[in-house]
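# Let's see this in three dimensions:
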Amino acid sequence: MANRSYLYSADTPPTADALPDTIRCVSEHNWSIPLAHRLLVGRGTSIVPSMIWNPRIGIAADFDGGAELLLGLLRVVGRGLEGDAAFAECVARTTAHLDKQRDRLFVLETGEMLSLHDEDPEAAVESLAARDIPEAVARAEAAISGGDDTWLASVRAGWQEHFASFYGDALYFSFPSP
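The predicted structure follows:
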């Protein structure tokens, strides 16, 4: 079994007592929390109870702000990949699925990825939300505005690792349809 990060859209954040009324599957990625997932939860980021596991290791964030940030980065990454049909298909698939699964929030489930390390999961998600996600957002914003060409080139060179996640209506952990 591959460990994955899972991304959902929801109408409200999960609480200790209840799941959101509407939960839509967005994406899952094997063996990491990819740059795309970190950017999608990069606006209005907050730690919330997990919808899957007991610890408070979920991350909720503004859907529209995160989608705008990711799509902006994909545009500038694409400026160096004009002839790459696989990249163009990845962008089209990602854009269409985000439009289809649009809601008020993204909810990132980190449990499987955090369990790979000896660190306390709640401390690890705090670090992710306080350091890793803001750092990814800052780098993406700089690249979009033309200020971080070296980082942009490295993202472009490894675009599959950063953006080629599985986008689907059903993920390994799915919830009843709205």
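# Okay, strands next: where are they in the chain?
Applying DSSP state E to the chain gives strands spanning 4-10, 23-30, 46-48, 58-62, 105-109, 166-167.
# now the ones you listed in TSV, with distance to Ala36 and mean neighbour count?
Yep, even glycine has a C-beta here, placed from its N, CA and C like the rest. Compiled in TSV, these are given as follows (distance: least, Cβ to Cβ, whole Å; neighbours: other Cβ atoms under 10 Å):
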stretch	distance to Ala36	mean neighbour count
strand 4-10	8	25
strand 23-30	7	22
strand 46-48	19	18
strand 58-62	13	24
strand 105-109	11	27
strand 166-167	10	18
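# pretty sure Ser46 contacts Ile59?
Yes: with contact defined as Cβ atoms under 8 Å, Ser46 and Ile59 form a contacting pair (7.2 Å).
# Helices of this protein, residue ranges please.
Ranges of helices within the chain are 35-40, 63-78, 85-100, 111-114, 121-127, 133-144, 149-157, 159-163, based on DSSP state H.
# Quick one, which of these gets closest to Trp53.
With Cβ to Cβ as the criterion, Trp53 lies closest to helix 111-114 of these, at 4.2 Å.
# State the mean pLDDT of that closest one.
Averaging pLDDT along helix 111-114 gives 65.
# next one: stretch 33-47
Average pLDDT, stretch 33-47: 96.
# now do stretch 68-85
Average pLDDT, stretch 68-85: 95.
# For it, give me every contacting residue.
For stretch 68-85, contacts defined as Cβ atoms under 8 Å, 6 or more residues apart in numbering pick out 36, 39-40, 42-43, 87-88, 91, 94-95, 98, 137, 140-141, 143-144, 152-153, 155-156, 159, 163.
# C-alpha coordinates for it, CSV please?
In CSV, the C-alpha atoms belonging to stretch 68-85 read as follows (Å, rounded to 0.1, in the frame of the first residue of the first chain):
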residue,chain,number,x,y,z
GLU,A,68,-6.0,30.8,-8.1
LEU,A,69,-2.4,30.4,-6.7
LEU,A,70,-1.9,26.9,-8.2
LEU,A,71,-3.3,27.9,-11.6
GLY,A,72,-1.1,31.0,-11.7
LEU,A,73,2.0,28.9,-11.0
LEU,A,74,0.9,26.3,-13.7
ARG,A,75,0.7,29.2,-16.2
VAL,A,76,4.3,30.3,-15.6
VAL,A,77,5.6,26.7,-15.4
GLY,A,78,3.9,26.1,-18.8
ARG,A,79,5.8,29.0,-20.4
GLY,A,80,8.8,26.7,-20.5
LEU,A,81,6.9,23.6,-21.5
GLU,A,82,4.9,24.7,-24.5
GLY,A,83,5.6,21.6,-26.5
ASP,A,84,5.0,19.1,-23.7
ALA,A,85,1.6,17.4,-24.4
